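1. One predicted model, sequence on top.
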Amino acid sequence: MCDEWIEENWAGLVRHGLKVRAWLHDETSPFQRIQVADTEPYGRVLMLDGIFQTSERDEHYYHEMLAHPALVTAPEIARVLIVGGGDGGTARQVLRHAEVRELVMVEIDERVVRVSQEYLPGIASAFGDARLELRFEDGVRYLADAPDGAFDVIILDGSDPVGPSRSLFGAAFYQQCARVLEPAGVFALQSESPNVMGDLWREVQGALRGVFPRVHPYFGYAPLYGCGMWTWTHCSRCVDPLAVIERRAGAVEHHTRYYHRGIHRGAFALPNELRRGFD
Ligand code: SPD
């Protein structure tokens, strides 16, 4: 048994450590450092540039909450785009929906996908799905070149604003997402935690509100990210995030470990200290 810890240090403010059973992988790709460790509490864990991304034991909280609220509320879900998401967990959830006919996933770093396939095969299990087109390129450039209204749903699954994810934060990028989204579509993104990262959280919400008429943050767990409480945000021109398409939600609930319609409704109830700015 090795007596080591893998630790995330968030902006010099929070340290979150996991007891390591074994180190499995460590490389530096052209974009970032990629590490995988087998840990006591969460099984295998993927870390990018020192930031925890996903783990075998808690990935479902994050990936199910990122994917399904958008996919059970958007009027159409035939054409879906994921920006980021190299571990494959979000793609796996999106592809649970039979109505998805085409999923384009744009990940800048091919090594994240390959390392995930090797060490996290349960999370990276959907890469063989015939509906998936995997592109290794910069999401910012991909969106800049994409035609207006090309996707029914766009999902942004990036890291914190460090390394290659930095350009996926801010009004300029959200504006491109809005343009490439079908007018009645839904854009969903991971939007950090109001705990500890309060300034970043408010910045992201403010930028989204400058671009989309409807912006609804929602809450859940992401134990691996140290702050416990995590948020995602449902953005659109006109879609009510509580108007769930029952048929779709009912079908996906057979597969999910965390997400269901009750969780969906509760997640959009904002804590008092945050909801005031959203009235
Ligand atoms: N604090 C880390 C946030 C990382 C969010 N994205 C994780 C990618 C999982 N597919």
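-> All right, it came through fine. As the structure is a computational prediction, the values presented were derived from the model and not from experiment. Residues are numbered from 1 along each chain as shown.

2. which outside residues touch the helix-or-strand element of the chain with minimal mean pLDDT?
-> Each helix and strand of the chain was given a mean pLDDT (mean pLDDT, DSSP states H and E); the minimum falls on helix 272-275 at a mean of 83. Contact with helix 272-275 is made by 194, 217, as judged by C-beta atoms under 8 Å, 6 or more residues apart in numbering. Every C-beta, even on glycine, is put in place using the N, C-alpha and C of the backbone.

3. For the remainder of this discussion, apply numbering that starts at 370.
-> Got it, the first residue is 370 from now on, which makes the last one we talked about helix 641-644.

4. Could I get the buried residue list for it?
-> Neighbour-count burial for helix 641-644, counted by 16 or more other C-beta atoms under 10 Å, picks out Leu643.

5. Check stretch 550-567 too.
-> 550-551, 554-563, 565-566.

6. Can you pull the residues of the stretch 520-648 of the chain lying near the ligand?
-> With C-beta under 6 Å from any ligand atom as the criterion, the stretch 520-648 of the chain meets the ligand at residues 526, 528-529, 559, 594.

7. To clarify, my last question referred to the stretch 370-519 of the chain.
-> Near the ligand, when you scan the stretch 370-519 of the chain using C-beta under 6 Å from any ligand atom, you find 420, 422-423, 454, 456, 458-459.

8. Now with 8 Å, please.
-> Counting by C-beta under 8 Å from any ligand atom, the residues of the stretch 370-519 of the chain close to the ligand are 377, 379, 415, 420-423, 428, 431-432, 435, 453-459, 492.

9. Taking the residues you listed, please make a PyMOL selection of just the buried ones.
-> Selection of buried members from these for PyMOL, criterion 16+ other C-beta under 10 Å:
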select buried, resi 377+379+415+420+421+422+423+428+431+432+435+453+454+455+456+457+458+459+492
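
10. Show me what the helix or strand that Gly386 is a member of packs onto, helices and strands only.
-> Assessed by DSSP states H and E, Gly386 sits inside strand 383-397. Judged by 3 or more C-beta pairs under 8 Å, 6 or more residues apart in numbering; DSSP states H and E, the packing partners of strand 383-397 are strand 373-379, strand 402-408, helix 479-488.

11. Show residues contacting the host helix or strand of Pro552.
-> According to DSSP H and E, Pro552 maps onto strand 550-559. Outside strand 550-559, the residues that touch it by C-beta under 8 Å, 6+ apart are 431, 435-436, 438-439, 442-445, 448, 518-527, 543, 546-547, 581, 599-608.

12. Narrow these to those in strands?
-> Among these, the ones falling in strands (DSSP state E) are 448, 520-526, 599-605.

13. Can you tell me which of these is closest to the ligand?
-> Asp526 (4.9 Å; C-beta to the nearest ligand atom).

14. give me the beta-bridge partners of the closest one?
-> Note on Asp526: beta-bridge partners by DSSP bridges are Gly453.
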